[in-house]
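Enquirer: Okay, here's the prediction I keep looking at, along with the sequence it came from:
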Amino acid sequence: MTHRMFVAANPTDDVAAALERFVEPRRQDGSTLRWVHWGQWHLTLAFFGTVPGRRVDDLGDLLDEVALNTDPVELTVGRAGAFPSPYAAHALWLGVGDRGDGSLEALARRCRTAGSRVGATVQGGGFVGHLTVARSGPPVEATRWLRVLDAFAPLTWRVGEIALVESRLGVGVGGSARHTEVRTFPLGR
């Protein structure tokens, strides 16, 4: 048996509440966008398409070591973006970055390495820190939406822990993925 999993950092409650206040009026816009439920906002540090079932505990142990050797990270969420492009977007997001010291990308790299060491299928290209706020099945021209999202006032939060999360497709709210935290890891104990 294999598991679809990812490593995430969750925004603090105050950041999530501010983002929800900003997004809520846009949920009823009549567009084809599906706005992400606030409970699913997270910063993905590493995504594993498959993790062998017998290696989930080993992955947890390696992530515990990563967390132990990582100081808490100050992050800022702000500027808008789209995947794969603003002109044919499937996802709209707000960017997440560190203070320019590379600590976020280093943490993501160490999480991906932990997955590789246990035989997980590590997915994704170069790391782009972001919180996905909306999705679209058919690609949409999103430049107008990016201007709207750029009005979100940047907020900072301190990441004090990361989580290993299992993702089950199609069984969440409205047919979305259901994310279940398997284990959390405090940073810099």
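Expert: Okay, I see it. Numbering: from 1, shown residues only.

Enquirer: ok, Gly119 - contacts?
Expert: The contact partners of Gly119, taken as C-beta atoms under 8 Å, 6 or more residues apart in numbering, are Val51, Pro52, Arg55. (C-beta placed from N, C-alpha, C; glycine too.)

Enquirer: and the next element down the chain from the helix or strand harbouring the first one?
Expert: Meaning Val51. With elements taken from DSSP states H and E, the one containing Val51 is strand 43-52. Scanning forward in sequence from strand 43-52 by DSSP H and E, the next helix or strand is helix 56-68.

Enquirer: helices or strands up against that next one?
Expert: Here helix 56-68 touches strand 2-9, helix 103-117, strand 161-168, strand 178-186, going by 3 or more C-beta pairs under 8 Å, 6 or more residues apart in numbering; DSSP states H and E.

Enquirer: what's in contact with that helix?
Expert: The contact list for helix 56-68 (C-beta under 8 Å, 6+ apart) reads 3, 5, 7, 48, 51, 107, 110-111, 114-115, 117-118, 120, 161-162, 164, 182-183, 185-189.

Enquirer: same thing but 10 Å
Expert: Outside helix 56-68, the residues that touch it by C-beta atoms under 10 Å, 6 or more residues apart in numbering are 1-3, 5, 7, 45-46, 48, 51-52, 55, 107, 109-111, 113-120, 160-164, 166, 182-189.

Enquirer: Buried ones only from those residues, please, as a ChimeraX command.
Expert: Selecting just the buried residues from the contacts of helix 56-68 in ChimeraX takes one command, with 16 or more other C-beta atoms under 10 Å as the test:
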select :2,3,5,7,45,46,48,51,55,107,110,111,114,115,118,120,162,163,164,166,184,185,187
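
Enquirer: Show me how far the strand holding Val51 is from its chain's centre.
Expert: Taking C-alpha atoms, centre = their mean, to the nearest Å, one finds the center of strand 43-52 at 10 Å from the center of the full chain.

Enquirer: Taking their axis directions, that strand and strand 2-9 sit at what angle?
Expert: Relative orientation of strand 43-52 versus strand 2-9 (axes from the mean of the first three to the mean of the last three C-alpha atoms, to 10 degrees): 160 degrees.
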